[in-house]
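Peer 1: Return atomic coordinates for the entry below.
(2 chains)
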Amino acid sequence: MRFLTICAVLLLTACSANDQAEVEVNVDTCDLEYTRYQATVTGYCQEAQAILPLEIPTIEKTIVLRSISSIPEVFWYSTKMKYSLVKQAEQAPLVFIIAGTGASYNSEKMISLQKTLFQQGYHVISLSSPTYSNFIINLDSSTDFPGVLEQDAKNLYRIMQKVYQQVITENNVVATTFSLTGYSLGGAHSAYVAKLDESEQTFNFEKVVLINPPVSLYNSVNILDSYLDLKENGPDAAATMLDDIFRGFANSYAEQESSSFSQSAIYALFEDAQLSEAQLKLLIGASFRMSSTDMLFALDVSYNVGGIIYKNHVIDKFESITHSMYRASVITFKDYFEKVLVPWQQESEVNLTREELIARLGLKNIESYLRNTTKISLVTNADDIILAEGEVKYLQDVFGARAKIFPRGGHCGNIDRVSFVAYMHSQFQGVDE
Amino acid sequence: MVSLLSGCSSVPELENNVEAPRVKLSLAYEKIAVTNQYADPWEGFNRRMYYFNAKADQYLLLPVVAGYKAITPDLVEKAVSNFFKNLGEFAVFINALLQGKANVAVETFGRFVVNTTLGVFGVFDVATTIGLDEQNEDFGQTLGVWGVASGPYLVLPLLGPSSLRDATGAGIDMFALQTVIDELGVSGEEEILLSFLRSIDTRANLPFRYYASGSAFEYERLKVLYMKYREIQIAR
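Peer 2: Alright, predicted model coming up:
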C-alpha cells in the first residue's frame, strides 16, 4: 500500500545526488493524528519502531523456471524469477515469506519481516507475490491468472520446492524445520499453501502465521477500488486532488530548514500537509491501481490477451507502452474479476457460478481447516482497511485463541513496530528445544 | 541534436495480423494515469538512453562502485563524499544568490567556511553538526525560479532523468565547478583522477537501480517523479 509514498521518497532521495543515504536508527515516532488510513500510508508511526538489525546478510537469488527465450522482449530485465535468501551460519529452522498484492520479495514490508525472523534464528526465503510482474512473467505453468488462491498455492508450493533445492545445492542451507508466513494477500496464500502441504507433506510446516490477510479477496479489492473511483466522479476530481496533495507537500518542503529527506523530514511533510481522509484514501487507491496496472500488463503480455496491448504484436524493448498504462489505469480489480477471472475459470468448469468463484477467493472456503489447525495463527488489526464489516469478528471466531488482533495499525501499518515484532517473536521461537 | 532526439521512434510497428487492444483509450483518463502529465516528444531517444544507462550501470558503473566500496574504508568514502560536497557548495551559493535567497546563501557560505577550515578542506562535515543545514540549489532550479519552463523530459547519458532546462543548468553548474577546480590549480592527470573519483562518489551515493521496481512502467513513473521533484525543489 505504501508503494506510492515509498516510491516517491526513494526517488526523491535518489534524484538529489548530494544527499547521502543517511542511516537514521532512532527516528521512530511521529506526531501525526492517527487514522487507519494514515497508518496504512505512513505506517503506524505513533508507536515506537522495533529494534531490528540494520543489515542482514541477504543473498539475492534467481531461478530459471521457464526458458529465457520464451520471456517477452519487453520484460528483458526480468528473465529469471527473483527471490532472496537470508542464511544463518549454522543449521537452523527455515521460514518462507510470501509478499502482498503487487509486491516483490524485497519490498519494504518483506525486509522488515526478514529482519524480524532472521533475528529469531531462521533462514529466511522470500518470494514475490503471484501478482508481481516478475512472478507472472516467469511462471512455468501455461495459463494461470493470479487471484484464485488454490491455484496460486499450487504454483507457490512447486516454486518453494524448487527454490529450496536450489539453496541446498548452491548455498548449503541446512533446514531443521519449515515455517511459513505472508502479509496481506500473501497471508491468504500462506493459508492455502499450508493446506496443500497437509496432503503433499513436503515441508510439514511447523508454524504458519497469516498477517493482515483478506477474508474475502472480492470484498477487499472492492474497498480498495472504491478509493480511486474514476467512473463515478470522473478522472478530473482525482487528478485535482492529487495535484492538491503534491502542492501541500511542496509547500511544507519549502518551509523546512534542511533540504534533505530523512525519515523525520518525511513525517514532518505529512504533518504539515494534513491530508484529509479522502486524500489518504486516494493515495492508497492510486498505489493499489498502480500495482494492478503492472499486473494486468504482465498478464496481457504473457498470455497475449489483447486487453491493453495489441494482440499478436511483439513489443520491442524501446517501444512506448504508455498507452497500455493509460488503458490499464481505468481497470478496477472488479473488472479483472468479472471480465478475466470468471470467463477463464468457466472455460474449465462450465457450471461454475460467479458466486462460487467469489467464495474461492477467500478464507471462508477453507474455514473448517483453519478452525482446526493449531499450527496456524492469525495477526491483524481491528481497523484494517481491507476488512469489510463483520470480518474482524469472523476472524476472531475462526481462529479463537490463535488470533491476535491489535486495536490499531490499519493495513500492515505496524509491521515494523514494537508490539507487532514482539508478537512475531512469540510465534517464531526459532531455536529447537 | 534535435533531429537526433526526435529521430528515434517509440511508436509500435504493427504486424499484419495485429488486433487493437480491447480496452479503448479515452483521453480523459490520461489525466489520472497518476503517471503522466508531462509531454515526452523525445520519448524514442529517451527510452534508448534509459536502456543504455541501465546497461552502463550494470557493466561499468556499478562494478566500479562495488570495487571502490570494497577497497575503501567507510570512513574514507565518507571523507571523499564530504570533500566533493564541499566543492559543490560553491555552485549552491551562487545559485542561492541568483535566486535572491539570502538566508540560503549565507548558510551555505557558512558551511563552506566551517567545513573548509575546521573540516580540513571539507573532509569532515562539521557544519551540519553545528546546525548549518545542507542546501540544494543548482542552475536548473535558478532558471525555474526565473520562470523558465522545464521543456521536454530528457534522459541524459549516464546522468539519467533530466529536462531540457535542467540539462542546460547542469552544464553551467559543471562549468562553474570546473572553474573552481582550475582555480585550485589542479590539472592534467590529477584532474582526470579527480573527476573520475567524483563520478564514482556520485553514483555510490545514489540508491537508485534501473528496473529494480520490476514495473513495466518504471520509465513513465520515474519521469513523473523527476518532474514533480523538480517542481517541489523550485517552489522551495
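Peer 1: can you list the weak-confidence ranges in the stretch 151-300 of chain A?
Peer 2: Applying pLDDT under 70 to the stretch 151-300 of chain A flags residues A:232-234, A:257-258, A:260-261.
Peer 1: Extract the CA atoms of stretch A:71-91 and return them as CSV.
Peer 2: Below are the C-alpha coordinates for stretch A:71-91, written out as CSV (Å, rounded to 0.1, in the frame of the first residue of the first chain):
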residue,chain,number,x,y,z
ILE,A,71,10.2,-14.4,-21.9
PRO,A,72,8.7,-11.5,-23.9
GLU,A,73,11.3,-8.9,-25.0
VAL,A,74,9.6,-6.1,-23.2
PHE,A,75,10.5,-7.8,-20.0
TRP,A,76,14.1,-8.4,-21.0
TYR,A,77,15.2,-7.3,-17.4
SER,A,78,13.0,-9.9,-15.8
THR,A,79,14.1,-13.1,-17.4
LYS,A,80,14.6,-15.1,-14.2
MET,A,81,12.4,-15.4,-11.1
LYS,A,82,14.0,-13.4,-8.3
TYR,A,83,13.9,-14.2,-4.7
SER,A,84,16.1,-13.8,-1.7
LEU,A,85,17.8,-15.9,1.0
VAL,A,86,18.9,-14.8,4.4
LYS,A,87,21.1,-17.5,5.7
GLN,A,88,22.1,-18.4,9.2
ALA,A,89,25.7,-19.6,9.7
GLU,A,90,24.6,-23.0,11.2
GLN,A,91,21.8,-25.3,10.5
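Peer 1: what about it and chain B, touching?
Peer 2: Yes: counting by CB under 8 Å from any CB of the partner chain, chain B is contacted by stretch A:71-91 at A:V74, A:F75, A:Y77, A:S78. Just so you know, the C-beta spots here come from the backbone N, C-alpha and C atoms, and that holds for glycine as well.
Peer 1: Tell me the one of these nearest A:V174?
Peer 2: Nearest to A:V174 among the residues of stretch A:71-91 next to chain B: A:S78, at 30.9 Å, using CB to CB.
Peer 1: just to revisit the earlier point, mind giving me the PyMOL select for the residues of stretch A:71-91 next to chain B, buried ones only?
Peer 2: PyMOL command restricting the residues of stretch A:71-91 next to chain B to the buried ones, with burial defined by 16 or more other CB atoms under 10 Å in any protein chain shown:
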select buried, chain A and resi 74+75+77+78
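Peer 1: any idea how far the spatially most central residue of chain A lies from A:G187?
Peer 2: With distances taken as CA atoms, centre = their mean, the residue of chain A nearest its centroid is A:G100 (1.8 Å). In this view, A:G100 and A:G187 are 8 Å apart by CB to CB, to the nearest Å.
Peer 1: how many other residues sit next to B:A102?
Peer 2: Neighbourhood size, B:A102 [other CB atoms under 10 Å in any protein chain shown]: 10.
Peer 1: So in chain B, where's the weakest helix or strand by average pLDDT?
Peer 2: helix B:27-30 (a mean of 59; mean pLDDT, DSSP states H and E).
Peer 1: any idea which helix or strand comes after it?
Peer 2: The C-terminal neighbour of helix B:27-30 among helices and strands, as given by DSSP states H and E, is helix B:43-56.
Peer 1: what helices or strands is the lengthiest helix in chain B leaning on?
Peer 2: As assigned by DSSP state H, the longest helix anywhere in chain B is helix B:74-98. For helix B:74-98, the elements it packs on are helix B:102-117, helix B:139-145, helix B:164-183, helix B:188-204, judged by 3 or more CB pairs under 8 Å, 6 or more residues apart in numbering or on different chains; DSSP states H and E.
Peer 1: right, is the shortest one up against chain A?
Peer 2: No: for helix B:139-145 and chain A, the contact criterion (CB under 8 Å from any CB) is not met; the two come no nearer than 10.7 Å.
Peer 1: which parts of stretch A:355-367 are buried?
Peer 2: Neighbour-count burial for stretch A:355-367, counted by 16+ other CB under 10 Å, picks out A:L357, A:I358, A:R360, A:L361, A:G362, A:L363, A:K364, A:N365, A:I366.
Peer 1: Can I get these in TSV including distance to chain B and secondary structure?
Peer 2: Putting the buried residues of stretch A:355-367 into TSV (distance: CB to the nearest CB, whole Å; DSSP: H, G, I helix; E, B strand; the rest coil) gives the following:
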residue	distance to chain B	secondary structure
A:L357	21	helix
A:I358	23	helix
A:R360	26	helix
A:L361	23	coil
A:G362	27	strand
A:L363	28	coil
A:K364	31	helix
A:N365	30	helix
A:I366	30	helix
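Peer 1: Of those, which is the nearest to A:A250?
Peer 2: Using CB to CB, A:L361 comes nearest to A:A250 of the buried residues of stretch A:355-367, at 40.4 Å.
Peer 1: Mind pulling up the pLDDT for the closest one?
Peer 2: With respect to pLDDT, A:L361 scores 91.
Peer 1: What's the separation between the residue lying closest to it once chain neighbours are set aside and A:F178?
Peer 2: Leaving aside its chain neighbours, A:L361 sits nearest to A:L217 (3.9 Å; criterion: CB to CB, 6 or more residues apart in numbering or on different chains). Applying CB to CB, the value for A:L217 to A:F178 is 26 Å.
Peer 1: do A:T322 as well
Peer 2: Distance from A:T322 to A:F178, by CB to CB: 44 Å.
Peer 1: Looking at the two, which has the bigger crowd around it?
Peer 2: Taking neighbours as other CB under 10 Å, A:T322 and A:F178 compare with A:F178 leading, 22 against 19.
Peer 1: From chain A, how far off is the spatially most central residue of chain B?
Peer 2: For chain B, the residue sitting closest to the mean C-alpha position, by CA atoms, centre = their mean, is B:L159 at 5.9 Å. Per CB to the nearest CB, to the nearest Å, B:L159 is found 9 Å from chain A.
Peer 1: What does that residue show for phi and psi?
Peer 2: The phi and psi torsions at B:L159 (degrees, to the nearest 10) take the values phi -80, psi -20.
Peer 1: Could you report the neighbour count for the nearest residue to it once chain neighbours are set aside?
Peer 2: Distance criterion CB to CB, 6+ apart; nearest residue to B:L159, sequence neighbours excluded, is B:A170 at 7.1 Å. Per other CB under 10 Å, the neighbour tally for B:A170 reads 16.
Peer 1: what do you get for A:S348?
Peer 2: Other residues close to A:S348 by other CB under 10 Å number 8.
Peer 1: how much space between it and A:V342?
Peer 2: Shown here: A:S348 relative to A:V342, a distance of 12 Å by CB to CB.
Peer 1: Now do the same contact list for A:Y122.
Peer 2: Going by CB atoms under 8 Å, 6 or more residues apart in numbering or on different chains, A:Y122 touches A:Q88, A:A92, A:P93, A:L94, A:V95, A:S179, A:F428, A:G430.
Peer 1: which residues does the residue nearest to the centre of chain A contact?
Peer 2: Going by CB under 8 Å, 6+ apart, A:G100 touches A:S107, A:K109, A:S129, A:G182, A:Y183, A:S184, A:L185, A:G186, A:G187, A:C412.
Peer 1: Just give me the closest of the residues you listed to A:I245.
Peer 2: Among the contacts of A:G100, and counting by CB to CB, the member closest to A:I245 is A:C412, at 21.4 Å.
Peer 1: quick one: pLDDT of that closest one?
Peer 2: Taken from the predicted model, the pLDDT recorded for A:C412 is 96.
Peer 1: Repeat that for A:E433.
Peer 2: pLDDT, read off for A:E433, is 40.
Peer 1: Look up which residues are beta-bridged to A:L94.
Peer 2: Counting by DSSP bridges, A:L94 is bridged to A:H123, A:F178.
Peer 1: I'd guessed it sits against A:V173; true?
Peer 2: Yes: with contact defined as CB atoms under 8 Å, A:L94 counts as touching A:V173 (7.0 Å).
Peer 1: where does the stretch 1-150 of chain A dip in pLDDT?
Peer 2: Scanning the stretch 1-150 of chain A for pLDDT under 70 picks out the ranges A:1-27, A:142-143.
Peer 1: residue ranges of the strands in it, please?
Peer 2: Along the stretch 1-150 of chain A, counting by DSSP state E, counting those that start in this stretch, strands occupy A:58-63, A:81-86, A:92-98, A:123-127.
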